[in-house]
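>>> my questions concern the predicted model and sequence given below.
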Amino acid sequence: MNKKSWGAMLLSAAMAISLAACGGTGGSTGSGSSENVSASSAGGAGEWKIGAVLELTGKASVWGIPQRDAIQMAVEEINAKGGIGGKKLNLIVYDNESNETNSLVAAKKLVSQDEVLAVIGAGTTPTTMPLIPYMMKEEVPLISVGSGDEIVLPVEDRKWVFKTPSNNADISTSIVQFLKRQGKSKVAFISVNNAYGDSGKKTFEMIAKANGIEIVAAEKFGAADKDMKPQLTRIKSLNPEAVIVWAIPPAASIVNRNFWELKMDSMLIYSAGAGANAFIELAGEAAEGTYIASGKVWVADQLPDSDPQKQILMDYVKAYEEKYKTQPSPIDGMAYDAALLLAEAIGQAAEKGDVTRAAIRDGLENVKNLVGLTGIFNTSPDNHQGLKADDVVMLQVKDGKWVLAQ
Amino acid sequence: MIDLSFTDVMQLLFSGIAVGGIYALISVGFVTIYNVNGVINFAQGEFVMIAGMVGATLASTGMPLWLVCLAAVLASTLTGALMQRFILHPARHSTEVVLIIITIGVSITLRGIALLIWGSNPRTLPAFFEGEPLSLLGAAIPRQDIVVVVIAFVCMVALFWFFERTYTGTALRACMINKQVSRLMGISPERMALMSLMLGACLAGVVGVVVTPISLATPEMGLMIGLKGFVAATLGGLTSIPGAVLGGLLLGVLESLGAGLVSSGYKDAIAFFLLILLLVLRPNGILGGRSAKRV
């Protein structure tokens, strides 16, 4: 090999490595596209202007697009009923391309150019974290649809930040209680090698330990990996009674297939993050018997009539299916809840006749028994999330469909 | 460190061979394209993705599986041909660095286009043979893994036959060794350049079709698979096809054993660390001598 191509090879290697690094965040740069939902002109005096920063393109667009649809639907429903305090909501949506930096750029645009009252977003934990210091500084309310607990904790540093997905702690508690009911005490944990997996691992380990559940193995895999059999082989050799998976599809579905291929007979339990509609389709026959700790959107019709959420869930599923010709999932339900919380806070402020960013923030801290899709919200100055472990239910795949686990 | 039984180690080994077979096919594509076009084609992984996505889309229309596979492989081969004709060919007088950057540009463009067409919802292709995994020496081997290894093997044999026994293959090989002299012998380097890209893209297409039932198809699927193929090609010295095959298998097995025996968090780190180590210690690849310099 001559000298010239040797240099080119080194350069290629350097590029390969930097490309691999980029793979973590994915997506190209550039300004996000904007969509204005309300038919009326933006900036009119007779409306409440709110913003949303979501993952409309890039890696997380599997969730971003249904989340946008859900928020739009909530806004249209509220406007159809005459809006809030006589004024309609005007929603401005920006795409953050599933990228941390663009997420902040989009939020800045909403706050400084569009001068929105509050921002919904972003849809994931990594894209929400960079917004927090900025929203704190600008004193604008933020309602995230990311699931990481650190979005709203510690609450003294999160005065302006709220979120709707269940905390990892609540999901972990729900799983741990389920394990105890089933008499299982020896589990293995496997998670995706990023902030989502790490945060879940930390929380689950803590709660499992407090409840006398032993974690015999903790494995990781890359979000783009094709084969998790090595990790599962290691887990299999330790004979756990259940395997807990903290990951999102498609990797989460590959774990399910590999688990089935290795003929492992322990329970397989997923965190809420795996809750995409395609989960069962992607894992095929391997999905049979798999559990997930999730919201109730998929099982709305199976809930007892006494469940206070049944009505809103049934209405949501029906409206969503009619409007978008596709099934809703717990993930877009969380975005719908964010819109409900915001509408409630604006309503409280409008009653007092003073709709400002600060008044909306105060309202978000004072939500009482708001029945949402993810659960029943009760926020306070110490709790910016407002759900309980009971709001997370265990579902199981039976005959290719999600049912409430016994 | 935990104790793994013999069966578990076998499981890791077989798992690694299946993944290694995939890497080997990609890396052969890298080597063929590199030697004729003088460019490391970073869009190789995107060819895999195109075959995977086209295959998954067609399969959902109910088309028979063999036709789906054929169409998917043709789609990626065509993409390779178009890329060579309209992008690499006009830029053939540029330096290697420029060409590499062009391929990176193509790779990002293809990923973007795929995202626009198909969205980012993962898609799936049915396994070629339905049923429970087979058992060998106590290890469970999914049927699709066997398909991967068999197809990789068949491709290798076919490639050997093509390069050693056919006129076109020999011409291609001549072109790899020396473009100027080949031209004097009446071989058109332009045609060979086109052919090498089509061959590379075709191999990537085969990978896309066999791997989608295992890994699911997303617009992002090509990135990591392409990079791992590149690492495998470099392990083999970038100029030798047997080296590329060996590099691929070695990488797959090392990754699998590394994840199973050492730590799963460092799986990708192992692959890229190997790449750096090799570039520093043995720039000519595992099979290449220290001073094997071609004149």
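Now that the structure is in, tell me what you want to look at.
>>> can we go C-alpha only for contacts and neighbour counts from here?
Will do.
>>> which residues does residue A:168 contact?
Applying CA atoms under 8 Å, 6 or more residues apart in numbering or on different chains to residue A:168 gives the contacts A:147-149, A:199-200, A:203-204.
>>> so residue B:129 versus residue B:147, what's the distance?
Going from residue B:129 to residue B:147 by CA to CA, to the nearest Å gives 9 Å.
>>> who's more crowded, the two?
Applying other CA atoms under 10 Å in any protein chain shown to residue B:129 and residue B:147 shows that residue B:147 carries more neighbours, namely 17 against 11.
>>> residues touching that one, list them.
Neighbours of residue B:147 in contact, by CA under 8 Å, 6+ apart: B:128, B:210.
>>> give me the pLDDT value at it.
If you check residue B:147, the pLDDT there is 89.
>>> next one: the one 3 residues further on
pLDDT recorded at residue B:150 is 91.
>>> roughly how far does it sit from residue A:239?
As for residue B:150, its distance to residue A:239 is 32 Å (criterion: CA to CA).
>>> could you do residue A:95 as well?
With CA to CA as the criterion, residue A:95 and residue A:239 are 45 Å apart.
>>> can you pick out the residue with more neighbours from those two?
residue A:95 (28 against 17).
>>> surely residue B:93 is within a strand?
No: under DSSP: H, G, I helix; E, B strand; the rest coil, residue B:93 sits outside any strand and is assigned coil.
>>> what about it, neighbour count?
10.
>>> show me what from the stretch 51-200 of chain B comes close to chain A.
Within the stretch 51-200 of chain B, the positions adjacent to chain A are B:96-97, B:100, B:115, B:119-124, B:132-133, B:139-142 by CA under 8 Å from any CA of the partner chain.
>>> and these, which is closest to residue A:315?
Lowest distance from residue A:315 to these (CA to CA) belongs to residue B:121, with 25.5 Å.
>>> now for the spatially closest residue to that closest one that is not a sequence neighbour, how many residues are close by?
Counting by CA to CA, 6 or more residues apart in numbering or on different chains, residue A:62 is the residue found nearest to residue B:121 once chain neighbours are left out, at 5.3 Å. By the measure other CA under 10 Å, the count of residues near residue A:62 is 21.
>>> residue B:118 is in contact with residue A:62, correct?
No: contact between residue A:62 and residue B:118 fails when scored by CA atoms under 8 Å: they sit 11.1 Å apart.
>>> roughly how far out does stretch B:176-194 sit from the chain middle?
Centroid displacement of stretch B:176-194 relative to its chain, using CA atoms, centre = their mean, to the nearest Å, is 24 Å.
>>> all strands of the stretch 151-300 of chain A, in order?
For the stretch 151-300 of chain A, applying DSSP state E, counting those that start in this stretch gives strands covering A:161-163, A:186-192, A:214-221, A:242-246, A:267-270, A:291-294.
>>> show me what the third one is packed up against.
To tie it back to what came earlier, the one meant is strand A:214-221. Here strand A:214-221 touches strand A:186-192, helix A:195-210, helix A:229-236, going by 3 or more CA pairs under 8 Å, 6 or more residues apart in numbering or on different chains; DSSP states H and E.
>>> repeat that with 6 Å
Packing partners of strand A:214-221 (3 or more CA pairs under 6 Å, 6 or more residues apart in numbering or on different chains; DSSP states H and E): strand A:186-192.
>>> just the C-alphas of the strand it packs on, formatted as PDB.
Only the C-alpha atoms of strand A:186-192 are listed here, as PDB (Å, rounded to 0.1, in the frame of the first residue of the first chain):
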ATOM      1  CA  LYS A 186     -34.400 -13.300  41.400                       C
ATOM      2  CA  VAL A 187     -34.300 -11.200  38.300                       C
ATOM      3  CA  ALA A 188     -31.900 -10.100  35.600                       C
ATOM      4  CA  PHE A 189     -31.800  -6.600  34.100                       C
ATOM      5  CA  ILE A 190     -30.900  -5.700  30.600                       C
ATOM      6  CA  SER A 191     -31.000  -2.100  29.200                       C
ATOM      7  CA  VAL A 192     -30.100   0.000  26.200                       C
END
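>>> just the buried positions in it, please.
By 16 or more other CA atoms under 10 Å in any protein chain shown, the buried positions in strand A:186-192 come out as A:186-192.
>>> check stretch B:110-121 too.
For stretch B:110-121, a neighbour-count test (16+ other CA under 10 Å) marks B:110-112, B:114-115, B:119-121 as buried.
>>> can you check stretch B:129-147 too?
B:133, B:139-147.
>>> off-centre distance for that stretch?
Using CA atoms, centre = their mean, the offset of stretch B:129-147 from its chain centre is 23 Å.
>>> and the end-to-end length of it?
Termini of stretch B:129-147 sit 9 Å apart (CA to CA).
>>> now look at stretch A:321-335 and say if it contacts chain B.
No: no part of stretch A:321-335 sits near chain B under the criterion CA under 6 Å from any CA of the partner chain; the closest distance found is 13.1 Å.
>>> which SSE is residue B:47 in?
For residue B:47, the host element (DSSP states H and E) is helix B:44-59.
>>> tell me the average confidence for that helix?
Averaged across helix B:44-59, pLDDT comes to 94.
>>> could you point out which element follows it?
Once helix B:44-59 ends, the next helix or strand along the chain (criterion: DSSP H and E) is helix B:65-83.
>>> give the burial count for the closest residue to residue A:272 other than its chain neighbours, as a bare number.
Of all residues beyond its chain neighbours, the one nearest residue A:272 is residue A:294 (4.7 Å), with distances taken as CA to CA, 6+ apart. Number of residues near residue A:294 (other CA under 10 Å) recorded here: 27.
>>> contacts only, for residue A:294.
Residues in contact with residue A:294 (CA atoms under 6 Å, 6 or more residues apart in numbering or on different chains) are A:272, A:392-393.
>>> please repeat the previous calculation with a cut-off of 8 Å.
A:171, A:271-272, A:275, A:330, A:392-395.
>>> and those, which are buried?
Buried, going by 16+ other CA under 10 Å: A:171, A:271-272, A:275, A:330, A:392-395, out of those.
>>> picking that back up, pLDDT score for the residue nearest to residue A:272?
90.
>>> how close does it get to residue A:391?
As judged by CA to CA, residue A:294 and residue A:391 stand 9 Å apart.
>>> got it, and residue B:103?
According to CA to CA, residue B:103 and residue A:391 sit 49 Å apart.
>>> residue A:52: which element?
strand A:47-54.
>>> ditto for residue B:199
helix B:189-215.
>>> could you give the mean pLDDT of that helix?
For helix B:189-215, mean pLDDT is 90.
>>> quick check, the residue in the stretch 51-200 of chain A closest to chain B?
residue A:62 (5.3 Å; CA to the nearest CA).
>>> so who does that residue touch?
A:276, B:119-121.
>>> shaky segments in chain B?
Segments of chain B classed as low confidence (criterion: pLDDT under 70) are B:1-3, B:286-295.
>>> of all the strands of the stretch 151-300 of chain A, which lies closest to residue A:353?
Across the strands of the stretch 151-300 of chain A, residue A:353 has its closest neighbour in strand A:161-163 (23.1 Å, CA to CA).
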